[in-house]
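# predicted model follows, preceded by the sequence.
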Amino acid sequence: ISRLSMYEDRDLVDLYEFYYRNDSIVRIEQDNDGGITYTFNYVDDETINVVAQADGEYEAFYLKLNEDGYIKSCSQSYHGEVYWSNNWNFEYNEAGQLVYVSSSRYSESWRITYNDSNAVGVSGSDSRSISYGNLEGKGYWVLYDWMYGIELDDEMEVFGLLGLLGKPSKNLPSSGCSWSVDADGYPDSVYIDGISMNF
């Protein structure tokens, strides 16, 4: 992914631009309310430090990766008018798909169940079932909040866009989602909860 545009009632509400060096993400520019810049620092093969800066305030993320390169834990802290912190934990199945999320700040957790490589249910702090059409999920990522009801912070959701929160389902979810695909079958837009996303 190199660009993601979000529209509400055809008005642009968010624009993400992704910058890479040697196939590794180094910066994300999010253009909304003054803009947010995410800067990635690769400490070693298992650790990434990320700082998200906006208007003199910032959030810091200390990401620990598992052997497959997915986030297994994240220490998040907000440095602004009010300081707060949060610890996230993530677990994955043998196929590299996210099966468990917990948040210390909100005392919430979610468990995802799969059938035939598609996430079909979420239980925990919010529960829902997920249905699918017959569109193959080529090259798409999961928006865990909008698609699965898992309340990741917007800043944590960014890591899902980068594939750092595991592999997506085999097919494109149809629960509350309307997809458009290009001639090769890759998604080029999705409409969810009044928001249209183009990529």
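Noted; the coordinates are in hand. What you see is a predicted model; the values in this text were computed from it and never measured.
# packing partners for the host helix or strand of E155?
Using DSSP states H and E, E155 falls within helix 154-161. If contacts are counted by 3 or more C-beta pairs under 8 Å, 6 or more residues apart in numbering; DSSP states H and E, helix 154-161 sits against strand 36-44, strand 57-65, strand 71-79, helix 144-148. (C-beta placed from N, C-alpha, C; glycine too.)
# pick the most buried one from these.
Ranked by mean neighbour count, the helices and strands packed on helix 154-161 are led by helix 144-148 with a mean of 21 (mean count of other C-beta atoms under 10 Å).
# other SSEs contacting that helix?
helix 154-161.
# list the buried residues of the helix it packs on.
Buried residues in helix 154-161, counting neighbours by 16 or more other C-beta atoms under 10 Å, are found at 155-161.
# mind pulling up the pLDDT for I150?
For I150, the pLDDT comes out at 90.
# give the contact list for the residue lying closest to it once chain neighbours are set aside.
Nearest non-adjacent residue to I150, counting by C-beta to C-beta, 6 or more residues apart in numbering: Y144, 4.3 Å away. Contacts for Y144 were tallied using C-beta atoms under 8 Å, 6 or more residues apart in numbering; they are 98, 101, 150, 152, 157, 160, 165.
# ok, now how distant is Y144 from P173?
Here Y144 is placed at a distance of 11 Å from P173 (C-beta to C-beta, to the nearest Å).
# circling back to that earlier point, so which of the contacts of Y144 are in strands?
Among the contacts of Y144, the residues falling in strands (DSSP state E) are 98, 101.
# identify the farthest-apart pair in the contacts of Y144.
Greatest spacing in the contacts of Y144, by C-beta to C-beta: L98 and E157 (12.5 Å).
# ok so, going back, closest one of the contacts of Y144 to Y186?
Using C-beta to C-beta, the contacts of Y144 come closest to Y186 at G160, 17.8 Å.
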